[in-house]
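Trainee: Compute the structure for the input listed below.
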Amino acid sequence: MQGFVRRYLLVVVRFFPFAVAFLRDRHRFIFVGSPRRVDDQRHRRRAEKLRDTLLELGPAFIKIGQVLSTRPDIVPPTYAAEFGTLQNEVPEVAGGDPKTVLQEELGDVLDLSAVEPIAGGSLAFVYSVTYEDERIALKVRRPGVKSIIERDLRVVRGLLPLISPFLPERQRYSVRNAADDFEEVIFDELDFDRERTIMTEIRANFSDDERVLIPDVYEDLSSKRVLVMEYLTGRKITDDDAFDGVDVEPNEMATRMIKIYMQMGIVDGVFHADPHPGNLAVTEAGQLLIYDFGMSERLSETVQEDIVGLYRALVRRDVDTLVDALIALDVLEAGVDRTEVRRVLSLVIETLEGQSEVTWRLIITELTTQLRDFPFRLPPNVMLLIRVGTVGEGVCRQLDPEFDFLAAVRSFLIEQGLIESELETLIGESWGDVQQSIPALARIPARLDRTLDQLDRSELVVRTKPVDTRGRGDPHLGYAVLAGALTVTAAIVTIYDPLYAVPSGLLAVIFLLVYVARRRL
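Mentor: Numbers count the residues shown, from 1 in each chain. Sure, this is the predicted structure:
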């Protein structure tokens, strides 16, 4: 209990200056006064200091920062971007010496004097050693880290009553749910049995795909605290020399990466959720090598379908379907005010259409920002999907600054037959308009018959205004207009399939010839 109180007070003291700064942003004198004007540069410096504080406070708070980097509904974009740079930089002594765990688990099997450190993380440390003439990698959970995290989670829970009164009502719901979801994510990451199972499953899913490489697992040497796997090496994907001497270009690797991650999540239903540069490498054979499956997730077939439906709704700008998809994913409550949500989502789509460049991060930021007025949450599976998109897009942009992340996603979904191409969407929407017009067209004969009867009985009176015929225009101009419209249509359709352009092109030529002939008469 004494350890908890000491830790609680330490955390309060470390975060107190930030709390004062945020309160003063709202009221200059903390509780009263007008808001302060804070420029982006000051926010960026504050975000850097806050990130460093999370790093110093240890594993649980590092993970909190990583989770918050995908929660623009809770933290502003500047802070989310800075928290996204937390890549497990923790000294080896944090949480104890992992070699003690190796001694207890594999001391009789491995020559621990030959163990070499490779990398350190907030929850585990990675070593390499020779085993039966083969090099293997050992991911070792830090001793005592689970009890440390459990204590810090209790501290975070204890901080919520202090924080909540200063939050807008709409954000209290999000913060409470984020705390619940965070516990689930971090305890899953501590479960090495779960990681081993998911890693093995993903490796099997890509067993016939030479583009991607995933280390094999030594089942008989692994345990709840140690994950033993094949030792594979490559150059960090964002290093300057990552693609030297390999038969693959950075842009090609970015596209490949998107397809692989889409295959994991949307097709296979189990995916690696931490694609930051430290977990991705390029092998000498030009393969994408993926490390560290601690942060990973499974998706049910229903959730996979709902995610595709969400993307399809965004592409078609179908607000009603978008609301249905958000409810199905448990982002919005079923009893939410649909009329008001539709209005907000329509505003989101209009805002995105007005942007010169639309990115994944922009879509998520706009969506979550506009939904802040509603009780909504991001379940762990959705949160990790957002993380994959946000972090993955960042890596792809590092490989190719002009890379179009959303175009690559759309291309994959079309290839898999999960969504229609733009042309099929256009045809479908046009056919829908025709179907809606059929009832009105069916009523035209009856209305025409009544109008002719009125005319026959001299009951129909037509009033016209005198028309000034001076400067009369070209009576045949309509043919030219039709020829121009059909030419534009042919040019647009050619992008998707040249065969569709032939009828429009022929009709354009015919109307143009008719126009020229009529003009000469």
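
Trainee: name the element Glu402 belongs to?
Mentor: Applying DSSP states H and E as the criterion places Glu402 outside every helix and strand.

Trainee: ok, now Phe61?
Mentor: Using DSSP H and E, Phe61 falls within helix 59-68.

Trainee: tell me which residues of stretch 210-225 are tucked away?
Mentor: The neighbour-count check on stretch 210-225 (16 or more other CB atoms under 10 Å) flags Val212, Leu213, Ile214, Pro215, Val217, Tyr218, Leu221, Ser222, Ser223, Arg225 as buried. To be clear about C-beta, it is placed using only N, CA and C from the backbone, and glycine gets the same treatment.

Trainee: Surely the first one and Gln287 touch.
Mentor: Yes - proximity of Val212 to Gln287 meets the contact threshold set by CB atoms under 8 Å, at 6.3 Å.

Trainee: Please name the nearest non-neighbouring residue to Thr100.
Mentor: Spatially, and ignoring its direct neighbours in sequence, Thr100 is nearest to Pro143 (5.5 Å; CB to CB, 6 or more residues apart in numbering).

Trainee: how close does the one you found sit to Leu106?
Mentor: 14 Å (CB to CB, to the nearest Å).

Trainee: So which of the two has more stuff around it?
Mentor: Leu106 (20 against 17; other CB atoms under 10 Å).

Trainee: how about the strands in the stretch 251-400 of the chain?
Mentor: Along the stretch 251-400 of the chain, counting by DSSP state E, counting those that start in this stretch, strands occupy 270-272, 280-282, 288-290, 296-298.

Trainee: Tabulate those strands (JSON lines), appending mean neighbour count.
Mentor: Below are the strands of the stretch 251-400 of the chain laid out as JSON lines (neighbours: other CB atoms under 10 Å):
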{"stretch": "strand 270-272", "mean neighbour count": "23"}
{"stretch": "strand 280-282", "mean neighbour count": "23"}
{"stretch": "strand 288-290", "mean neighbour count": "23"}
{"stretch": "strand 296-298", "mean neighbour count": "20"}
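
Trainee: Can you lay out these as JSON lines showing mean pLDDT?
Mentor: Formatted as JSON lines, the strands of the stretch 251-400 of the chain follow (pLDDT from 0 to 100):
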{"stretch": "strand 270-272", "mean pLDDT": "96"}
{"stretch": "strand 280-282", "mean pLDDT": "96"}
{"stretch": "strand 288-290", "mean pLDDT": "97"}
{"stretch": "strand 296-298", "mean pLDDT": "93"}
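
Trainee: Out of those strands, which is closest to Glu201?
Mentor: With CB to CB as the criterion, Glu201 lies closest to strand 270-272 of those, at 5.6 Å.

Trainee: Sheet-wise, list the partners of that closest one with their directions.
Mentor: Strand 270-272 has its sheet partners listed here by DSSP bridges as strand 296-298 (antiparallel).

Trainee: which outside residues touch the strand it pairs with?
Mentor: 195, 198-199, 202, 269-274, 380-381, 384-385 (CB atoms under 8 Å, 6 or more residues apart in numbering).

Trainee: go with 10 Å
Mentor: Applying CB atoms under 10 Å, 6 or more residues apart in numbering, the external contacts of strand 296-298 come out as 185, 188-189, 194-195, 197-199, 201-202, 264-265, 268-274, 303, 380-385, 387-388.

Trainee: So for Thr85, what's the nearest residue that isn't a sequence neighbour?
Mentor: Arg51 (6.7 Å).
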